[in-house]
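Q: Give me a 3D structure for the following:
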Amino acid sequence: MSPDQQQHQGDDYFGFKNIPPSSFESDFEVVLDDGILQRRTISLSTVPGSYSSYLDHQRRYQEQYQQESNQHHNNRNHDESSPLLQKKKQQPIKQQSPISIESDEDEDSSGSSHHRHDHDETMNQKQPTIIARCYHRILQFKLTYPQKMVIKCSTAYMLGSLFTFVPFLNDWVGGPLVASHLAATVTVFFNPAKTVGGMVEAAGYGWLFTLCALVLCLASVSLNNILFAQGRYFLSYGLTLGIWIGISSFIIAYFKGRMNKPSTGTASALAFIIILSTLVREPSPDRIHLRYDPFFVIRQLFVLVAIGTIISVAVCLLLWPVTATKKLKSDINNSLLSIQVLLKLLTKTFLLDGDLPNFTANKQLEEAIKAHRSGFTALKQSLINAKREHPQSMQYYGDIVSSLQRLDRHIGGLRSSCGLQFEVMQSQQEQWNVTADDQRRKLENELRREKSQFEQQRQLEQHYGSVDHPHQRQEQQGKGTGSGDGTINDTNSNEDGSDGELEQFIKTVRQPMKSLAYTCKQTIIHLQSQFDTATSRYSNIIPPPSFGQLRQNLVAAMNLFEDSLHHALSRMYNRRNYSDLHMQLMKELPADNIFLVYFFVFSLLEFAKELIVLVDATANAVEDGHHRRFNDDVITLMKMKSNSSQRTSMTTIASTTGIATATAAATTKAAADNAFFTPNNHNTSNTLHTPQPSTQRHKFSVKLWRFFSWFRQHTIKFAVKNMLTAIAVSALAFIPQTQPYFYQYRMEWTLLTVMTLLTPTVGGTNVGAVLRVLATIAGCVLATLTYTLFPANPIVLTLLTWLYSIPAFWVILYHRHGRFGQVALLAYNLVVLFMYNHREDPLFIDVNVVELAWIRCITVSLGVVIGLIVTAYIWPYEARKALRQGLSDLLIRLSWFYKHLSTTHDAEEMLFHQTECQQALVKLRDLLVHAPSEPRLKGPFPTATYNSMLNSCQNILDKFLSLRIVVLKDVWPVQVHQQLLMVASSEFMEMTGNVLLYFYVLASALQLKTPLPPYLPPAERAMRRLQYGLELKSDECYMAYYAYIALLENIIRELTQLGKDMKDLFGSLIPEEQWTTYFDVV
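A: Residues are numbered from 1 along each chain as shown. This is a model prediction of the structure:
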């Protein structure tokens, strides 16, 4: 063995030394891709090699398969005694760099290093010339995906600007009589880098708002012509201000705040540009004396918006088109990859012998964590866009997305049970650290305590003589009795008896757990091949296992896991029957630790069952399309297996599939049921505060009260603010004293700036205000320099406009402040293209580019100031206040969710509140982004504390979803709820009441902002009393029992953390030190 191999032979998963290789790699039975059960050497720290991974096989040997098919056949018939996975040589870990997990990507790419090495040797032998090398590099050069998207946007913008710089195109759209730069502006708004489905949404909303705006302008102009002919000017001005400008601004702003989507924001901006720029010119002298035709302007505005839309759609479809369906498949592939990486990390972390080190995530793990955290919204949005492209064929992909979201929840359960925390560190570059929580540290302390005790006992035995430990004799007898079953070879059991009960139990479950995790990982890899377009063309070379085979492998792996676990535990305690096996564990091991271990086992089994649901959904989408469900193989598998454990597994799988299928219908029914709970309802009917109406007059007053209560919504207040602001600023164009200044200084730009700047929250408006002023200044300065150096030079201006748009679109697409690039490009567009279009206009002959740029900066800055004043002092909707109240509503809804989990077990209402809670968390995180941007004289906003509280709520919701799976199992109603929990009904009621009271106290504290009492509800103590009052009488329901207790402990731990955070926020009535000192409590 080489020194380098000796150096890395003992490296563990995290790069630490002195861990035996057998801790993570052993010879045990696994289910292979073809369904055969064989004994193999498996290491979860390496990516499956060429014989077990379809994707890896294609990448490493695709050239050999195309050239020598016979050699491929010989490779498939490899000797069974050889390792199934190729052991990858580990690279030395630098001491300066943080420790990170091994990267699958690096290992996969290493497979092709042999071909690259041969290619390099061939090139060195040929000794190519410099010209040949340059030519070879040019041929190998490829644009990346971000570069292609930026070029798409800049190309569309350049095509739109041609209607200003090309004479015959400019004359066709109206010349200097219209704002020809609007064609380029529309291409900026529509953003051709969208997917086809995203472009359908953007163009749909844009044209809906545009057509409504054009119809409104035509109606206003037609009515004004009648009133002008009659000389009723003031009535015309009043209708234009109050009805056409005011009401239209209210409606547009309402939909903008209600929907709160980028597409509606773009559509509302276009509508404001058309309406306001047209109607504010109604009282102008040119309009009154009929010196210009408004119908011609409206018609040309329609043409310019149509031209910009056609250019955007054409570039989106013709130049490097990106379909939403392809993006959805890519997102599914990335989600599966993240689940695979996290499954490997969590399984190996749980089976780690020593202490869990704190390490920094590498690039692949960091991407997996981010995909895990954002999977709820990213996949959902991709699915929505894909349905716009193919409404019929995308219906089964909804099941895939729902199953992936449930897999993410099970990953959260595995992470919680093995004690991992993902923490983001904000420095010069965002880094993710993986740390151990208190529960993991507690387990590690117990392991260290056991090792210390056995080490002391060994020293005493060596000093006083060789005395066998009773447990060691039991273990040796167990080995003798268990060697003949042929189920598993416990190579990790400690022969000298130096391991404690807990450590030995973890080592006992290691081998069957690794076998199940391996099969799950292989299934995920094969599912990835259905969505990875880069490898789909090689599917005819090595066809992956069928979906029926994948399901059968998972079922066999679960059965193997359960049987192997029972056999291993029976050998551990020298028992041939399983009737009291788990009750023996409860007596031998600490309760907290055994709950933790079995919760991981439960989460892993549920993960595997949900993976079967994902296989079914993928089969429906790939094989059967949208015509029929894929359920025949499930019945076949149930007939093939007859043992009781498999029947239990298949029943659970069927119930899980039924739950997944009924989710949409149950949610719809739940939403339509008025009896469902409304969080923080301050006016509950049929109470003394809000009595039930008995008379007709009382009923009428209640209806009137409900109608006026509708105006209390923040979206209505936001729309009213927009309406009043639009009327106030537009009135300057209708007042004779201010009208000349309004037109001279282009104050319609101020009006448009205010209407596009206003957002529902104060923080969102503040961020947009600062960026808008800076971006306008930057764009105007660049435009002034460009037009001063190259005035009236269409070729140079067209080329420079295209070059300037490239960095602007990069900021728009890939920077977190993308609005900066958009505003800067629009400012440049308005100055350069406007000046060139009106270079021969007599009305602008005295206006130079510096003056126009200065007017643009002043008017935009004035609009920003007006917008800030309106947002801050007229019905301000503060993000920090909405965040606090929304978090209170979320806690009340979570308490209602827990009420159904503990008492009614109403599946439909639990599904409804599950969806509502998840959507509320997404909205609260959006509010948290804007909250730090709001001015606060008391000090900076405690963003970290609120982020911790949102994480705790997300963890509680994840535990509720796992708890929902537990309470909906077949064994729960009778064997757990009636025979176990209801035996200790008083303790169960006390624990449930304390948890509900905990939620209510925390929700009330968020509403009141007053100091919390020093003593919060004793939910943990009540849970311990319930735990001590329960007695497991049967092993049939042990898994549900263990999972229920472990989930309750995690939920109460998160509630305790929420209480600590709120005491830090609002204080405590009595300090904790003073409280404990007074009662003499240590």
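Q: Tell me the confidence at the nearest residue to Val832 once chain neighbours are set aside?
A: Distances taken as Cβ to Cβ, 6 or more residues apart in numbering place Ala783 nearest to Val832, at 4.7 Å, with adjacent residues excluded. Where you see a C-beta, it was placed from the backbone N, CA and C, and this is true even at glycine. pLDDT, Ala783: 94.
Q: try Gly160
A: Looking at Gly160, its pLDDT reads 94.
Q: which intervals of the stretch 351-500 of the chain have sub-threshold pLDDT?
A: The model of the stretch 351-500 of the chain has pLDDT under 70 over residues 352-363, 372, 374-376, 419-433, 435-444, 446-447, 450, 454, 463-500.
Q: Which helix runs longest in this structure?
A: Across the chain, the helix with the greatest residue count (assigned by DSSP state H) is helix 196-229.
Q: list the buried ones in the host helix or strand of the residue nearest to Val832?
A: Ala783 belongs to helix 762-789 when assigned by DSSP states H and E. By neighbour count on 16 or more other Cβ atoms under 10 Å, the buried set for helix 762-789 is 762-769, 771-773, 775-784, 786-787.
Q: now stretch 185-201
A: Judged by neighbour count using 16+ other Cβ under 10 Å, the buried positions of stretch 185-201 are 185-201.
Q: same deal with stretch 870-886?
A: Going by neighbour count (16+ other Cβ under 10 Å), the buried part of stretch 870-886 is Val870, Thr871, Pro876, Tyr877, Glu878, Ala879, Arg880, Lys881, Ala882, Leu883, Arg884, Gly886.
Q: Stretch 726-741 now?
A: Ala726, Ile727, Val729, Ser730, Leu732, Ala733, Phe734, Gln739.
Q: still on that earlier bit, please identify the buried residues of the longest helix of the chain?
A: 196-203, 205-206, 209-210, 212-214, 216-218, 220-221, 223-224, 227-228.
Q: same thing with stretch 998-1017?
A: For stretch 998-1017, by 16+ other Cβ under 10 Å, it's Tyr998, Phe999, Val1001, Leu1002, Ala1003, Ala1005, Leu1006, Leu1012, Leu1016, Pro1017.
Q: can you give me the strands in the chain?
A: Ranges of strands in the chain, per DSSP state E, are 25-31, 37-43, 359-360, 420-425, 431-436.
Q: Using CSV, lay out the buried residues of stretch 726-741 together with pLDDT.
A: As requested, the buried residues of stretch 726-741 are exported to CSV (pLDDT from 0 to 100):
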residue, pLDDT
Ala726, 94
Ile727, 94
Val729, 94
Ser730, 93
Leu732, 92
Ala733, 91
Phe734, 91
Gln739, 90
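Q: Stretch 1005-1022: end-to-end distance?
A: 22 Å (Cα to Cα, to the nearest Å).
Q: out of everything not next to it in sequence, what's closest to Ala621?
A: In space, Ala621 is closest to Tyr396, 4.0 Å off (Cβ to Cβ, 6+ apart).
Q: quick one: Ile226 from Asp616, how far?
A: For Ile226, the distance to Asp616 equals 66 Å [Cβ to Cβ, to the nearest Å].
Q: err, Glu840, not the other one
A: Relative to Asp616, Glu840 is positioned 69 Å away (Cβ to Cβ).
Q: So for those two, which residue has more residues nearby?
A: Asp616 (27 against 11; other Cβ atoms under 10 Å).
Q: Test my guess that the more buried one contacts Arg551.
A: Yes - the pair Asp616 and Arg551 qualifies as a contact (Cβ atoms under 8 Å) at a distance of 7.2 Å.
Q: now for the buried residues of stretch 726-741, which pair is the farthest apart?
A: Ala726 and Gln739 (17.0 Å; Cβ to Cβ).
Q: what's the distance between Lys451 and Ile506?
A: Counting by Cβ to Cβ, the gap from Lys451 to Ile506 is 13 Å.
Q: Same drill for these two, tell me which one is more crowded.
A: Neighbours were counted for Lys451 and for Ile506 using other Cβ under 10 Å; Ile506 has more, 22 against 16.
Q: which ones are touching the more buried one?
A: When the contact criterion is Cβ atoms under 8 Å, 6 or more residues apart in numbering, the partners of Ile506 are Phe350, Leu351, Val597.
Q: Among the residues you listed, find me the one that's closest to Thr859.
A: Among the contacts of Ile506, and counting by Cβ to Cβ, the member closest to Thr859 is Phe350, at 62.1 Å.
Q: Can you get me a residue count around the closest one?
A: 27.
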